[in-house]
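> Next one to model:
(chains A, B, C and D)
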There are 2 protein chains.
Amino acid sequence: MPRAGLSRTAVVRLACDVVDAGGPRGFADLTLAKVAAEAGVAPPSLYKHVGSLAALRREVAVIAVEEITAAGTSATVGLAGADALRGLARSWRRYAVQHPGRYSATQIGADPDDPADAALREAGTRSVAVVAAALQGFGLPDDRLIDAIRAVRSGVHGFVMLELGGGFRMREDVDRSFDALLTMLTAGVEALARHEGTPGDGNGPDRLGDLPGPATAGRPAPLDDAPGSPGRHEHPTPRRPR
Amino acid sequence: MPRAGLSRTAVVRLACDVVDAGGPRGFADLTLAKVAAEAGVAPPSLYKHVGSLAALRREVAVIAVEEITAAGTSATVGLAGADALRGLARSWRRYAVQHPGRYSATQIGADPDDPADAALREAGTRSVAVVAAALQGFGLPDDRLIDAIRAVRSGVHGFVMLELGGGFRMREDVDRSFDALLTMLTAGVEALARHEGTPGDGNGPDRLGDLPGPATAGRPAPLDDAPGSPGRHEHPTPRRPR
DNA sequence: CCGTAAAGCTACGCCCATTAGCCAATGAGT
DNA sequence: ACTCATTGGCTAATGGGCGTAGCTTTACGG
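This next block holds a predicted model:
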């Protein structure tokens, strides 16, 4: 049995390929069997290099976050204000289109408590820093920076996910729509900076904060500012197990 | 063996519960075994009511889209312009928080060709119509309406997904950020209506259209304007099957 | 040439989806 | 009430994926 010459990083690299080959669903559909097939190896052999499927997923996620952060960084060097924001957003979209699977991997949450997720948490923090840096030039009040970061991330992320989802009829129109989104976002950030914040509609902010929120057995946390600790449970009460 | 009195709709309803109980990941984690346990029935019994796990997923998705459309509709009756937009966006977020699993189900794509997805496609179309209606009052030029719809959906969807993902430290701050996002979006739509569209940065629009796009073996289509037909394939070429 | 650790492998156990085929409960028609 | 077809449930069994255990062989330092 001639050795395949694998290694931890080689396996992760292969996993990245598999994930991207699967399109936006690729990350969710990642399977040790596929990676093993790609490596020319029997599935259990992978355990000599990675701890589990979950661990492999985490590694892919870390790489994806680091890559997209790097892309954003190099897309904004020497730029400021609206130019920086546009460059950043476009680099994200480009990355998402070129690496749909990895981009999806970017979404998984890092458990705030789990030490295994430390690397992912740190990568997430670094990625947020890039956004903050790109927004420097707008002169946002301190207490509005967070809003701007969230809005920019939300807008671009939502657009990209919908685009990757498959939709948005024609590519050209999509490019135009993306440009319109960026215009809206930059205008919005500028408005926020001018302190035109939250005129609202006379109903005050949303106060969704104290909704029941149906036993949200949410997993870990996101790649955002900072995580809150999640709750957990299984099926509430099976009615007649058998 | 006393009958459990199931039915197609009863099973789907249970699946909805299971999905929501699982938080944002609940939809992806949906399993026939869980539904069966919840119903007090052995897993194979479910096949008397639903065709497969995939079919059940589709049914849940249709219900979710219909519900969120209904929520949006009733949240915007009698409103116009910015008020309608805010009402609509808030109803989405509220639905997502109250039904995280179902909201995620909303994301799955409808295959433009598959007749099994017809109901899902139609539900998606209806849901887009509500957004268009809410944007009526802004007096957008025809060729900008689509951009506005996409931006609004993207912004809110991205925000909600990031929020559900687990992040966004404190709830209060999140409400405020959401409000800021809405302010930015309404301002953006108004700007679009004023024809201040796409000043861009002198680099023209993105032209991501002709990127290679790495063999994006994406599944079906999204719940957007209209689908384009997907490509498909498996692993490119296993290197040494065994 | 030897010995050892690392990198494969096969054999298993467990969980899930799905199919096949059996049997009891239900209810329409008599 | 009796019959019997339909229906909804069951068990058994297959196939695939993760993950563990334990064996074997390769590669390499002495």
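
> wait, does the strand or helix carrying A:R13 contact chain B?
Using DSSP states H and E, A:R13 sits in helix A:8-21. Yes: for helix A:8-21 and chain B, the contact criterion (Cβ under 8 Å from any Cβ of the partner chain) is met by A:V18, A:D20, A:A21. Just so you know, the C-beta spots here come from the backbone N, C-alpha and C atoms, and that holds for glycine as well.

> quick check, that helix touching DNA strand C?
No: Helix A:8-21 lies apart from DNA strand C when judged by Cβ under 7 Å from any atom of the strand; the minimum separation is 8.3 Å.

> mind checking how far A:A64 is from DNA strand D?
Look at A:A64 and DNA strand D: by Cβ to the nearest atom of the strand, to the nearest Å, they are 19 Å apart.

> Ok, A:D20 next?
Counting by Cβ to the nearest atom of the strand - A:D20 and DNA strand D are separated by 17 Å.

> what about that residue, how many neighbours?
Neighbour count of A:D20, defined by other Cβ atoms under 10 Å in any protein chain shown: 25.

> surely it meets A:G101?
Yes: A:D20 is in contact with A:G101 according to Cβ atoms under 8 Å; the separation is 4.2 Å.

> Give me the common contacts of the two.
A:G26 (Cβ atoms under 8 Å, 6 or more residues apart in numbering or on different chains).

> pLDDT below threshold where in chain A?
A:1, A:166-167, A:169-170, A:195-205, A:209-242 (pLDDT under 70).

> before we move on, back to that, which is the succeeding secondary structure element to the helix holding A:R13?
helix A:32-39.

> Quickly check: that next one near DNA strand D or not.
Yes: using Cβ under 7 Å from any atom of the strand, helix A:32-39 reaches DNA strand D at A:L32, A:A33.

> where does A:G139 fall, phi/psi-wise?
Here is the backbone geometry of A:G139 (degrees, to the nearest 10): phi 60, psi 40.

> Identify the nearest residue to it in space, disregarding sequence-adjacent positions?
Excluding the flanking residues, the one nearest A:G139 by Cβ to Cβ, 6 or more residues apart in numbering or on different chains is A:A193, at 5.2 Å.

> With A:A61 instead?
Per Cβ to Cβ, 6+ apart, closest to A:A61 is A:A105, 4.4 Å.

> what's the answer for A:G87, then?
That would be A:A75: by Cβ to Cβ, 6+ apart, it lies 4.4 Å from A:G87.

> so the one you found is in which element?
Counting by DSSP H and E, A:A75 is found in helix A:53-76.

> Any part of that helix near DNA strand C?
No: if you take Cβ under 7 Å from any atom of the strand as the test, helix A:53-76 misses DNA strand C, and the best it gets is 12.0 Å.

> What angle do helix A:8-21 and that helix make with each other?
Angle of helix A:53-76 versus helix A:8-21, following axes from the mean of the first three to the mean of the last three Cα atoms, to 10 degrees, is 80 degrees.

> orientation of the helix or strand just after helix A:53-76 relative to helix A:8-21 in degrees?
Using DSSP H and E, the next helix or strand after helix A:53-76 towards the C-terminus is helix A:81-98. Inter-element angle recorded for helix A:81-98 and helix A:8-21: 90 degrees (by the same axes, to 10 degrees).

> From the rest of the structure, what touches the very next helix or strand once past helix A:81-98?
The element immediately downstream of helix A:81-98 (helix or strand, assigned by DSSP H and E) is helix A:100-105. Under the contact criterion Cβ under 8 Å, 6+ apart, helix A:100-105 has outside partners A:16, A:18-28, A:30, A:57, A:60-61, A:63-64, A:67-68, A:95-96, A:160, A:164, B:214, B:216, B:218.

> circling back: mind exporting the helix holding A:A75 as CSV, just the C-alpha atoms?
Listed next in CSV are the C-alpha coordinates belonging to helix A:53-76 (Å, rounded to 0.1, in the frame of the first residue of the first chain):
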residue,chain,number,x,y,z
LEU,A,53,-15.5,16.0,10.4
ALA,A,54,-16.4,18.9,12.7
ALA,A,55,-12.8,19.7,13.2
LEU,A,56,-12.1,19.6,9.5
ARG,A,57,-15.0,22.0,9.0
ARG,A,58,-13.6,24.3,11.5
GLU,A,59,-10.2,24.3,9.8
VAL,A,60,-11.9,25.1,6.5
ALA,A,61,-13.8,27.9,8.1
VAL,A,62,-10.7,29.4,9.6
ILE,A,63,-8.9,29.4,6.3
ALA,A,64,-11.9,30.9,4.5
VAL,A,65,-12.2,33.7,7.1
GLU,A,66,-8.5,34.4,6.8
GLU,A,67,-8.5,34.4,3.1
ILE,A,68,-11.5,36.8,2.8
THR,A,69,-9.9,39.0,5.4
ALA,A,70,-6.7,39.1,3.4
ALA,A,71,-8.7,39.8,0.2
GLY,A,72,-10.4,42.7,1.9
THR,A,73,-7.2,44.1,3.3
SER,A,74,-5.4,44.1,0.0
ALA,A,75,-8.5,45.5,-1.7
THR,A,76,-8.5,48.6,0.6
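
> buried stuff in that helix?
A:53, A:56-69, A:71-73, A:75-76 (16 or more other Cβ atoms under 10 Å in any protein chain shown).

> how distant is that helix from the center of its chain?
9 Å (Cα atoms, centre = their mean, to the nearest Å).

> quick one: that helix to helix A:32-39, angle?
70 degrees.

> My read is that A:R90 contacts B:D206, right?
Yes: using Cβ under 8 Å, A:R90 makes contact with B:D206 at a distance of 6.0 Å.

> Residues in contact with both of these two, list them for me.
Joint contacts of A:R90 and B:D206 (Cβ under 8 Å, 6+ apart) are A:F178.

> What degree of burial does A:K48 show, as a neighbour count?
So A:K48, with other Cβ under 10 Å, has 11 neighbours.

> go on, A:G109?
A:G109: 25 neighbours (other Cβ under 10 Å).

> ok, now the one 4 residues further on?
For A:D113, the number of neighbouring residues by other Cβ under 10 Å comes to 11.

> Is it part of a helix or strand, or is it coil?
Following DSSP: H, G, I helix; E, B strand; the rest coil, A:D113 is assigned to coil.

> about what we covered before: can I get the helix holding A:R13 as PDB, trimmed to CA atoms?
Only the C-alpha atoms of helix A:8-21 are listed here, as PDB (Å, rounded to 0.1, in the frame of the first residue of the first chain):
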ATOM      1  CA  ARG A   8      -3.100  17.800   8.100                       C
ATOM      2  CA  THR A   9      -2.800  20.800   5.800                       C
ATOM      3  CA  ALA A  10      -3.000  18.700   2.600                       C
ATOM      4  CA  VAL A  11      -6.300  17.200   3.900                       C
ATOM      5  CA  VAL A  12      -7.600  20.700   4.700                       C
ATOM      6  CA  ARG A  13      -6.600  21.900   1.300                       C
ATOM      7  CA  LEU A  14      -8.400  19.000  -0.400                       C
ATOM      8  CA  ALA A  15     -11.500  19.700   1.800                       C
ATOM      9  CA  CYS A  16     -11.400  23.300   0.600                       C
ATOM     10  CA  ASP A  17     -11.500  22.100  -3.000                       C
ATOM     11  CA  VAL A  18     -14.300  19.700  -2.300                       C
ATOM     12  CA  VAL A  19     -16.300  22.400  -0.600                       C
ATOM     13  CA  ASP A  20     -15.900  24.900  -3.400                       C
ATOM     14  CA  ALA A  21     -16.700  22.200  -6.000                       C
END
